[in-house]
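Student: Sharing a model that was predicted from the sequence below.
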Amino acid sequence: MRPIIGMTSYVLPADWGVWRDLPTALVPHDYTEAVRLAGGRAVILPPDDHDADVLDRLDGLVLTGGPDLQPSLYGQNLGPHTVVHAERDIAELLLLRAALDRDLPILGVCRGMQLLTIAAGGTLHQHLPDVLGHEKHRPGPGVYGSQQAVLEPGSRIAALMGDDLTINCFHHQGVADPGSLTVTGRAADGLPEVVEDPDRRFVLGVQWHPEVSRDRRLFGALVAAASKELTKACADR
Amino acid sequence: MRRPLIGLTAYAEQIHHGRNDLMAAMLPMNYVKAVHATGGRAVLITPDEPGTDVIESLDGIVFCGGGDIDPANWGAPRHPATEADTVRDASELLLMRAALEADLPILGVCRGLQLMAVATGGSLHQHLPDVVGHERHRAAAGTDPLAAGSSDYGRHDVVVEEGTAAHRLFGRTLTVNSFHHQAIADPGEFRPVGWCPDDQVVEIVEHPGKSFALGVQWHPERTTDLRAFAALAEAAARDRAVVA
């Protein structure tokens, strides 16, 4: 049996077939394919604020990208460029906090990295161009900003990435204060691009989009950590 | 008490959202809300996986609506009106057979009911208007006050056979919304237990040998009548209690 990797879900009014603007739970195919190619079985977790018991059946968790997090979660007012989805925030924080309690392997992507940060007591920049004075982290609609990451020697991410440090960014918010997490990678402008929690088995957040290239280095590491979780769970049964 | 975990088979579709055009694993939220409203916890099962191991993690499964099933699966040539979703077919036929084998509680909705027939050796009418001579099983503009997008749905009655699980759930008759152009011809191992009285189109099937395997041709997730989802959640909770 493959390890089961739960992925948080977007909820969007989507058009397809004969339907227009139908509220839809979805995850871009890139994510499910990245998990499949890495040897995991992806299931999608639509937002639900009831409880986090679904974690009993999961071996790993991917916090997917998406809209901005509510600034009230880190003690700020809503900025003019901030677009939020409250239903996801509440459900995903509930899920994430329970997953951290269980030390479940977690990979956070873009919004997912920001969610890890907030759960760790950190804060975000609400609009990077205001802070950095450039648009390199989101060059334009649908365009990824290609950058070279600078990684902390000896960190988990440095070991996983090896020599190819190219990253593809698409975000307008970023980590200001990582809270209890450790920043282990940055862009050339100094913005945090990677956070880790060295005290847990596998907690990794990246600000870029490894699913687009189905990056085996990162998704493979998550699935490997989840396989250990699965083995442990089988032994406990 | 912990909620039963209900898998929902998802679409793989090219979708449009704002300026984005992307391939996504997706499902209308009304399925998710129907599961959550009846005491389950929904997870979406993506169709791009040929494996069935995910079945072991679930307490119940819903085979959701969607495109047509490829008639090659019952050895028929393709009708011009048939728009097959072969990616989902391959994945869901495997999942359906594995779920039946495991006696996992199963609800089939629209395409899901049709899949029950095809997965167990049955067959479908590929274009219902050719068979019944009318279009009332799909868009009859503005006639369906039950539906969210009312102009997209037909509406008709269903009569249920006495002495069946479906009769205990729905009673003798009910009114349903309708959005399909195919229907069951041969139910395979399933038993037809509900029909549209106007044309005898099969609207409900159940499996006599399984603890809970119910298929409905309509779309309860788009109505306030969630009895089919509640019955699945109840069966799934019972199933899980036995396992525990």
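Tutor: Nice, thanks for sending it over. Residues are numbered from 1 along each chain as shown, chains lettered A, B, ... in the order given.
Student: contacting residues around the closest residue to residue A:1 other than its chain neighbours?
Tutor: Excluding the flanking residues, the one nearest residue A:1 by Cβ to Cβ, 6 or more residues apart in numbering or on different chains is residue B:53, at 4.5 Å. Where you see a C-beta, it was placed from the backbone N, CA and C, and this is true even at glycine. Counting by Cβ atoms under 8 Å, 6 or more residues apart in numbering or on different chains, residue B:53 makes contact with A:1, A:2, A:41.
Student: quick one: contacts of the longest strand that chain B contains?
Tutor: Identified as the longest strand of chain B according to DSSP state E is strand B:20-28. With contact meaning Cβ under 8 Å, 6+ apart, strand B:20-28 is reached by A:14, A:16, A:19, A:22-30, A:32, A:42, A:44, A:46, A:142, B:8, B:10-15, B:44, B:46-48, B:64, B:221.
Student: just how off-centre is that strand within its chain?
Tutor: Computed by Cα atoms, centre = their mean, to the nearest Å, the separation of strand B:20-28 from the middle of its chain amounts to 20 Å.
Student: Same question for stretch A:53-62.
Tutor: Using Cα atoms, centre = their mean, the offset of stretch A:53-62 from its chain centre is 15 Å.
Student: now swap in stretch A:223-234 and tell me
Tutor: 20 Å.
Student: all helices of chain B, in order?
Tutor: B:29-37, B:86-101, B:111-119, B:128-132, B:165-170, B:227-243 (DSSP state H).
Student: Buried residues, the fourth one. List them.
Tutor: Along helix B:128-132, the positions that meet the burial threshold by neighbour count (16 or more other Cβ atoms under 10 Å in any protein chain shown) are B:128, B:132.
Student: Just to check, residue A:119 is in contact with residue A:100?
Tutor: Yes - with contacts counted by Cβ atoms under 8 Å, residue A:119 reaches residue A:100, the gap being 6.6 Å.
Student: Residues contacting the lowest-mean-pLDDT helix or strand in chain B, please?
Tutor: One helix or strand of chain B scores below all others by mean pLDDT, DSSP states H and E: strand B:11-17, with a mean of 82. With contacts defined as Cβ under 8 Å, 6+ apart, strand B:11-17 is touched by A:12-17, A:24, A:26, A:29, B:21-27, B:46-48, B:64, B:66, B:85, B:87-88.
Student: For PyMOL, write a command that selects the buried ones of those residues.
Tutor: A single PyMOL command selects the buried members of those (16+ other Cβ under 10 Å):
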select buried, (chain A and resi 12+14+15+16+24+26+29) or (chain B and resi 22+23+24+25+26+27+46+47+48+64+66+85+88)
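Student: now the contacts of strand B:20-28: which count as buried?
Tutor: Buried among the contacts of strand B:20-28 by 16+ other Cβ under 10 Å: A:14, A:16, A:22, A:24-30, A:32, A:42, A:44, A:46, B:8, B:10-13, B:15, B:44, B:46-48, B:64, B:221.
Student: mind listing which of these are in strands?
Tutor: A:14, A:16, A:22, A:24-28, A:42, A:44, B:8, B:11-13, B:15, B:44.
Student: buried sites along stretch A:112-131?
Tutor: So for stretch A:112-131, counting by 16+ other Cβ under 10 Å, buried means A:112-120, A:122-128.
Student: Okay, angle between the lowest-mean-pLDDT helix or strand in chain A and strand B:20-28 too, please.
Tutor: Ranked by mean pLDDT, DSSP H and E, the helix or strand of chain A with the weakest confidence is strand A:10-16, at a mean of 84. Orientation note: strand A:10-16 sits at an angle of 100 degrees relative to strand B:20-28 (axes from the mean of the first three to the mean of the last three Cα atoms, to 10 degrees).
Student: Can you tell me what sits against strand A:10-16?
Tutor: A:21-28, A:46-47, A:64, A:66, A:85, A:87-88, B:11, B:13-17, B:24, B:26, B:29.
Student: Just want the angle from that strand to strand B:11-17.
Tutor: Going by the same axes, to 10 degrees, strand A:10-16 makes 90 degrees with strand B:11-17.
Student: Next, report how far strand A:10-16 is displaced from the centre of its chain.
Tutor: The answer for strand A:10-16 is 20 Å, by Cα atoms, centre = their mean.
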